[in-house]
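Peer 1: Compute the structure for the input listed below.
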Amino acid sequence: MNSDQPLYEQIRSAIDRKIETEEWPANFQVPSEEILGDEFGASRLTVRRALRELQSEGLLIRVQGRGTFVIGPRMQCAVFNLPDIAEEVSLSGGAHSYRVLHHAILGRDSPARNMLQLGPDEVVFHSRLLHLEDGTPIQLEERFVNASEAPDYLMQDFARITPHNWLLRETTVTTIDNTIRAIRADEEVRKYLQIDESQPCLLLDRSTWRDGVPVTRSRFIYPGDRYRLRSSHEARSNRIIATPHAGKTR
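Peer 2: Model (predicted):
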């Protein structure tokens, strides 16, 4: 944990990560304040503040007389057409650039492997990119990729083709699941996106499968004031047309 952060925020971030990686799945009962205090070397008051932050973000729920639990499936968002960020920026008249923050094989002991729910012997690729429009950060992109479904992912040239377009071209996907929610970014994310701690962010979490086999898990974090999501659908049908809008608001 980052010792420069207040202890309650370190605890909040650590628990949030457990929920994101599904180490603590839906309906999981959170350990008591006393147990968490011993784990993090914190007072019950500090642990309680961290848990309240997570409750306010919609990640935990406290049930009187029973304890605190991880909330079930988050709001599902029917975003079927997620454009490539570079193309979005170009269409908005901006100049796209990026920074590769990480691009490697995940270690076998990494908790982040739970993102794909694969066996211990399966290889998981991980990439993290920061996308900018006219020099301003607009998206932090993190991808977990099943190596058996995309064996050449680590060899791609991001200057030639974005991860979005490469995966679209090289993988076969039969099922897509999208979840969208507002989050309060941790210190590391705030540093990359150049925002302060009072600014909310939008998290778009996307999972893909091929006939039940996990292919990718992708997390896109946007500064709340630099991203809009618009959707429309026909009132008498189940067909939904959704169009995300990235880029600086103008």
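Peer 1: So which bits of stretch 217-229 are buried?
Peer 2: Residues of stretch 217-229 classed as buried by neighbour count (16 or more other C-beta atoms under 10 Å): Arg217, Ser218, Arg219, Phe220, Ile221, Tyr222, Pro223, Arg226, Tyr227. Placement of C-beta: from N, CA and C, glycine included.
Peer 1: residues contacting the third one?
Peer 2: Listed by C-beta atoms under 8 Å, 6 or more residues apart in numbering, the contact set of Arg219 reads Glu20, Glu141, Glu142, Arg143, Leu203, Leu204, Asp205, Arg206.
Peer 1: quick one: the fourth one is in a helix?
Peer 2: No: when the secondary structure is assigned by DSSP: H, G, I helix; E, B strand; the rest coil, Arg143 falls in strand instead of a helix.
Peer 1: ok, it - how many residues close by?
Peer 2: Around Arg143 sit 22 other residues, with neighbours defined as other C-beta atoms under 10 Å.
Peer 1: per-residue confidence at it?
Peer 2: Here the pLDDT value assigned to Arg143 is 96.
Peer 1: right, and it touches Thr216 too?
Peer 2: Yes: with contacts defined as C-beta atoms under 8 Å, Arg143 counts as touching Thr216 at a distance of 6.1 Å.
Peer 1: Between the two, which contacts overlap?
Peer 2: Common neighbours of Arg143 and Thr216, using C-beta under 8 Å, 6+ apart, are Leu167.
Peer 1: Show me what secondary structure element comes after the helix or strand hosting Glu53.
Peer 2: Applying DSSP states H and E as the criterion places Glu53 in helix 44-56. On the C-terminal side of helix 44-56, the nearest following helix or strand under DSSP H and E is strand 60-63.
Peer 1: start to end distance for stretch 25-37?
Peer 2: Counting by C-alpha to C-alpha, to the nearest Å, the length from the leading to the trailing residue of stretch 25-37 is 21 Å.
Peer 1: on that earlier part again, could you list which of the buried residues of stretch 217-229 belong to strands?
Peer 2: The subset of those located in strands under the criterion DSSP state E comprises Arg217, Ser218, Arg219, Phe220, Ile221, Tyr222, Pro223.
Peer 1: Spatially, which two of these are the most separated?
Peer 2: Across these, the longest distance by C-beta to C-beta is 21.9 Å; it joins Arg217 and Pro223.
Peer 1: So which residues make contact with the helix or strand where Gly37 lies?
Peer 2: If you go by DSSP H and E, Gly37 is part of helix 33-40. Contacts to helix 33-40, defined as C-beta under 8 Å, 6+ apart, come from residues 7, 10-11, 14, 30-31, 42-44, 46-48, 51.
Peer 1: Could you rerun that using 10 Å?
Peer 2: Residues outside helix 33-40 that contact it (C-beta atoms under 10 Å, 6 or more residues apart in numbering) are 1, 7-8, 10-11, 14-15, 30-32, 42-48, 50-51, 67-68.
Peer 1: Can you tell me which of those residues are buried?
Peer 2: Members of the contacts of helix 33-40 that pass the buried threshold by neighbour count (16+ other C-beta under 10 Å) are listed as 7-8, 10-11, 15, 30-31, 42, 46-48, 50-51, 68.
Peer 1: For these, give me JSON lines that also has distance to Leu116 and pLDDT.
Peer 2: As requested, these are arranged in JSON lines below (distance: C-beta to C-beta, whole Å; pLDDT from 0 to 100):
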{"residue": "Leu7", "distance to Leu116": "31", "pLDDT": "91"}
{"residue": "Tyr8", "distance to Leu116": "30", "pLDDT": "90"}
{"residue": "Gln10", "distance to Leu116": "26", "pLDDT": "91"}
{"residue": "Ile11", "distance to Leu116": "26", "pLDDT": "93"}
{"residue": "Ile15", "distance to Leu116": "21", "pLDDT": "92"}
{"residue": "Val30", "distance to Leu116": "24", "pLDDT": "94"}
{"residue": "Pro31", "distance to Leu116": "25", "pLDDT": "95"}
{"residue": "Ala42", "distance to Leu116": "31", "pLDDT": "93"}
{"residue": "Thr46", "distance to Leu116": "33", "pLDDT": "94"}
{"residue": "Val47", "distance to Leu116": "30", "pLDDT": "94"}
{"residue": "Arg48", "distance to Leu116": "33", "pLDDT": "92"}
{"residue": "Ala50", "distance to Leu116": "27", "pLDDT": "91"}
{"residue": "Leu51", "distance to Leu116": "28", "pLDDT": "92"}
{"residue": "Thr68", "distance to Leu116": "27", "pLDDT": "90"}
